[in-house]
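Q: Coordinates only, no sequence provided:
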Ligand SMILES: C[S@@+](CC[C@H](N)C(=O)[O-])C[C@H]1O[C@@H](n2cnc3c(N)ncnc32)[C@H](O)[C@@H]1O
């Protein structure tokens, strides 16, 4: 697992609305402010970048291919909800789809398409009613916000909210690749040099954005959480040569 840093997201530079931190990952308040700024610029889905929409649509098509019509689905950390918008379009509005998100401002567009009782604001599992069980839990591009032990805990909590034979599907924003010892040293040296240049104001200050993982680390997190039936693979072409990585576990 490796930390990564960003200066901007959707073209919005972080130092335009806060003092980025290279030590702490973004808080819900950070995401909330970010989504408020993005929301002021985006009034319809088509205001979002076409490449972003094409990638998320490919993910939605992949998910839709794994959905059964009676499934009760929960998407954890839906963000803007474009994947969910596409899922609803693909199913012609027939899917029972619920979402969670820590930053309510993100939900501006998707909450027009999903009944309020299916939109849960806050952290999973606290934000959803305790009596509900899901056939499919989706985590699309949110695991980067968690370190390895938090991810294993979340996967375990999801397990407790699945119906019999329920599935947990994680889609990763990108996989890390194994590198040599010397490459790791070089990377650590670069990280230190960048931190110094940021501290003296010679480089744009970056925000610690989260963690990127290798395939084995995803498999380990699911195993640590107590899942045994694992399947994984890649979705078409994503932002890297192999496409998006997915991993799914089914309760036996
Ligand atoms: C990159 S966005 C992904 C959104 C969406 N699932 C997608 O595929 O486009 C990551 C989202 O995770 C949310 N998030 C941040 N920390 C989280 C946490 N600990 N648990 C769940 N979601 C979190 C953020 O608010 C943000 O909307």
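A: That came in fine, so what should we check first? Here the structure is a predicted model, which is why all the values come from computation and not from measurement. Numbering: from 1, shown residues only.
Q: Any chance you could list what contacts stretch 97-106?
A: With contact meaning C-beta atoms under 8 Å, 6 or more residues apart in numbering, stretch 97-106 is reached by 28, 31-32, 34-36, 39, 72-81, 84, 87-88, 107, 110, 114, 118-124, 127-128, 132, 134. Glycine gets a C-beta too; all of them are placed from N, C-alpha and C.
Q: can you give me the strands in this protein?
A: 2-6, 8-9, 12-13, 72-76, 96-101, 119-121, 134-140, 162-172, 207-212, 229-235, 244-250 (DSSP state E).
Q: out of these, nearest to the ligand?
A: Of all those, strand 134-140 sits nearest to the ligand, with 3.5 Å by C-beta to the nearest ligand atom.
Q: what angle do that closest one and strand 72-76 make?
A: When axes from the mean of the first three to the mean of the last three C-alpha atoms, to 10 degrees is applied, the directions of strand 134-140 and strand 72-76 differ by 30 degrees.
Q: Sheet partners, orientation included, of strand 134-140?
A: strand 72-76 (parallel), strand 162-172 (parallel) (DSSP bridges).
Q: For the last one, buried residues please.
A: By 16 or more other C-beta atoms under 10 Å, the buried positions in strand 162-172 come out as 162, 166-172.
Q: got those as TSV, with distance to the ligand and pLDDT columns?
A: Listed next are the buried residues of strand 162-172 as TSV, based on distance: C-beta to the nearest ligand atom, whole Å; pLDDT from 0 to 100:
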residue	distance to the ligand	pLDDT
162	17	97
166	19	96
167	17	97
168	14	98
169	12	98
170	11	98
171	7	97
172	10	95
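Q: For residue 134, give its distance to residue 225.
A: Distance, residue 134 to residue 225, by C-beta to C-beta, to the nearest Å: 16 Å.
Q: quick one: which of these two has more around it?
A: residue 134 (22 against 18; other C-beta atoms under 10 Å).
Q: Do any residues in stretch 4-22 lie close to the ligand?
A: No - legend: contact between stretch 4-22 and the ligand by C-beta under 6 Å from any ligand atom is lacking; minimum distance shown is 8.0 Å.
Q: Stretch 233-252 now?
A: No - Stretch 233-252 is not in contact with the ligand by C-beta under 6 Å from any ligand atom; minimum separation 9.7 Å.
Q: average pLDDT across that stretch?
A: Across stretch 233-252, pLDDT averages out at 79.
Q: Next, the closest residue to the ligand within the stretch 151-252 of the chain: phi, psi?
A: With C-beta to the nearest ligand atom, the shortest gap between the stretch 151-252 of the chain and the ligand falls at residue 173, namely 6.6 Å. Phi and psi for residue 173, reported as degrees, to the nearest 10, are phi -70, psi -10.
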